[in-house]
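**Student:** one predicted model, sequence on top.
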Amino acid sequence: MALIRSVRGISPKFGKSCFIAENATIVGEVEMGDHCSIWFNAVVRGDVHYIKIGDYTNIQDNATIHGTYQKAPTTIGSHVSIAHNAVVHGCTIQDYALIGIGAIVMDNAIVESGAIVAAGAVVLENTVVESGYIYAGVPAKKLKPVGDRKEMLERISKNYLKYASWFDEKQ
């Protein structure tokens with residue numbers, strides 16, 4: 001069973017039809033929308049600042065979501081995919097964005113709607129990742145336009161709902 005616990009008297013809140021893997025950790029001031037999924041070994045730690053997550057967002061295996069005490073909360077929009085081993089820390093991820101495998105997004109960064117952060121990229125503090133572009137590298141820089149990827153990003157987020165449904169099947 002997932003580790004879900006209160007911190008300083010504040011408990012996580014979950015929307016409708018969310019999938020939480022058995023070994024995920026969700027603590028403190030976390031508010032999650034509907035149809036989200038938190039995958040194996042992912043940590044959503046709202047102990048030092050709040051974390052808000054929209055609808056249809058997936059946080060994949062080993063990802064870490066956190067903030068900075070009294071300084072930087074984390075806000076994640078709807079239809080966002082945060083890939084395996086990513087770190088999202090004290091920043092804003094707008095709707096229909098993708099954070100690639102092993103990417104890091106730091107305090108007060110903003111990943112705009114429809115933007116993609118490439119696998120392994122490091123988005124430094126206060127960086128704005130522009131809508132419609134892919135950012136890659138260390139530190140992350142604008143690489144190229146990706147155009148309107150809303151359909152693709154929505155499809156990915158809905159695929160994770162399908163994958164989650166497999167875990168509800170009777171053995």
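**Tutor:** That came through, no problem.

**Student:** do you know how far the nearest residue to residue 112 once chain neighbours are set aside is from residue 78?
**Tutor:** In space, residue 112 comes closest to residue 131 once its chain neighbours are excluded; the distance is 3.9 Å by CB to CB, 6 or more residues apart in numbering. Where you see a C-beta, it was placed from the backbone N, CA and C, and this is true even at glycine. Per CB to CB, to the nearest Å, residue 131 is found 15 Å from residue 78.

**Student:** between those two, who's got more neighbours?
**Tutor:** residue 78 (20 against 17; other CB atoms under 10 Å).

**Student:** what residues are up against the more buried one?
**Tutor:** Counting by CB atoms under 8 Å, 6 or more residues apart in numbering, residue 78 touches 33, 54, 55, 56, 57, 95, 96.

**Student:** over to residue 119?
**Tutor:** Taking CB under 8 Å, 6+ apart, one finds 83, 100, 101, 102, 103 in contact with residue 119.

**Student:** mind putting those in TSV, secondary structure, pLDDT and neighbour count included?
**Tutor:** What follows is the contacts of residue 119, written out as TSV (DSSP: H, G, I helix; E, B strand; the rest coil; pLDDT from 0 to 100; neighbours: other CB atoms under 10 Å):
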residue	secondary structure	pLDDT	neighbour count
83	coil	98	21
100	coil	98	20
101	coil	98	17
102	coil	98	17
103	coil	98	26
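
**Student:** tell me which of those residues is nearest to residue 39?
**Tutor:** Distance to residue 39 across the contacts of residue 119 (CB to CB) is lowest for residue 83, with 10.0 Å.

**Student:** and the gap between the residue lying closest to that closest one once chain neighbours are set aside and residue 117?
**Tutor:** Spatial nearest neighbour of residue 83, chain neighbours left out: residue 101 (4.3 Å); criterion: CB to CB, 6+ apart. Residue 101 is 10 Å from residue 117, where distance means CB to CB.
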